[in-house]
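Trainee: Here's my sequence, what's the structure:
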Amino acid sequence: MTTAQKSGTTEAVDAVEVLRGALTAAGIVLPSLGADTASPALNLINLGRVRADVALKLADVLRQGCA
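Mentor: Numbering: from 1, shown residues only. The predicted structure is shown next:
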């Protein structure tokens with residue numbers, strides 16, 4: 001793994017933890033939330049699959065935050 005990939009992975013993992021904390025504070029759990037370790041140079045976050053009720057709650061929280 002190159003230094004760029006390592007820092008990218010660390011950035012993605014850090015972002016996942018920040019997002020997980022914010023979602024938890026809003027009462028939302030994304031079970032598959034995690035860093036995409038298959039493409040560390042891209043800093044991708046896998047939000048994963050969620051039930052429809054969780055997606056609707058997430059949409060509601062986002063709408064309230066944008067208001």
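Trainee: Can you pull the poorly scored residue ranges out of the chain?
Mentor: 1-8 (pLDDT under 70).
Trainee: Which residue ranges of it form strands?
Mentor: Applying DSSP state E to the chain gives strands spanning 34-35, 45-46.
Trainee: Compare the ones you listed and give me the one nearest residue 66.
Mentor: Closest of these to residue 66 is strand 45-46, at 20.4 Å (criterion: Cβ to Cβ). Every residue, glycine included, has its C-beta placed from N, CA and C.
Trainee: If you count contacts, what does the closest one end up packed against?
Mentor: Under the contact definition 3 or more Cβ pairs under 8 Å, 6 or more residues apart in numbering; DSSP states H and E, strand 45-46 sits against helix 3-25, strand 34-35.
Trainee: tell me the centre residue of the protein?
Mentor: Here the mean C-alpha position of the chain is nearest to the C-alpha of residue 16 (Cα atoms, centre = their mean), at a distance of 4.6 Å.
Trainee: Could you identify which of the strands of the chain is most buried?
Mentor: strand 34-35 (a mean of 18; mean count of other Cβ atoms under 10 Å).
Trainee: Partner strands of it, with direction?
Mentor: strand 45-46 (antiparallel) (DSSP bridges).
Trainee: what about the partner strand, distance to the chain center?
Mentor: From the chain centre to the centre of strand 45-46 is a distance of 6 Å (Cα atoms, centre = their mean, to the nearest Å).
Trainee: now what about that strand, what contacts it?
Mentor: Residues from elsewhere that reach strand 45-46 (Cβ atoms under 8 Å, 6 or more residues apart in numbering): 12, 15-16, 19, 32-36.
Trainee: swap in stretch 58-67?
Mentor: Contact partners of stretch 58-67, identified using Cβ under 8 Å, 6+ apart, comprise 23, 26, 28, 50.
Trainee: Stretch 31-40 now?
Mentor: Residues outside stretch 31-40 that contact it (Cβ under 8 Å, 6+ apart): 1, 5-6, 8-9, 12-13, 15-16, 19-20, 23, 42, 44-50.
Trainee: of those, buried ones?
Mentor: Buried by 16 or more other Cβ atoms under 10 Å: 8-9, 12-13, 16, 23, 45, 50, out of the contacts of stretch 31-40.
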